[in-house]
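# please work out how this folds:
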Amino acid sequence: MSFIHRRITTASTNAVSVTAGRTRLRSVLVSSGTATAHHLKIYNKATAPTVGTDVPVLTINCGAAAGSGPVRLEFEDMILFAGLAFAITGGASSALDSDTTNASANLVVVHLFYGDD
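Below you'll find the model as predicted:
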């Protein structure tokens, strides 16, 4: 079975648990209404991540330059997770894993397409 999780950023790190069990990530679509750097951090975790402490398995820069389109990643073989969680941060820090800067509200939209294992 296939599912979609959609989130529009709030003025927070947007830490959320999508699934608590085995999940296959099929694709990611991220669009941004700002040129400010934002980062989508995806975690192999069954609970919401502790941003800045937990280490993401995938980090996607979703800051948009003027006129650029959304970021779309397709995983042909899908990626298996024990649990699927993510966060969206707003820092342009070189230490991306530990960044805890709040994202800007209402400027980044994330769609995760995933399925049962």
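
# okay, residue 70: pLDDT?
With respect to pLDDT, residue 70 scores 85.

# ugh, typo on my part, it should be residue 1
84.

# right, and it touches residue 113 too?
No. The criterion here is CB atoms under 8 Å, and residue 1 misses it with residue 113 at 11.9 Å. Every C-beta, even on glycine, is put in place using the N, C-alpha and C of the backbone.

# pick out whichever of the two has more residues nearby.
Here residue 1 and residue 113 are compared on neighbour count by other CB atoms under 10 Å; more neighbours surround residue 113, at 17 against 5.

# check which element follows the helix or strand of the chain with the lowest mean pLDDT along the chain.
Ranked by mean pLDDT, DSSP states H and E, the helix or strand of the chain with the weakest confidence is strand 58-61, at a mean of 88. Under the assignment DSSP states H and E, the closest C-terminal helix or strand after strand 58-61 is strand 71-81.
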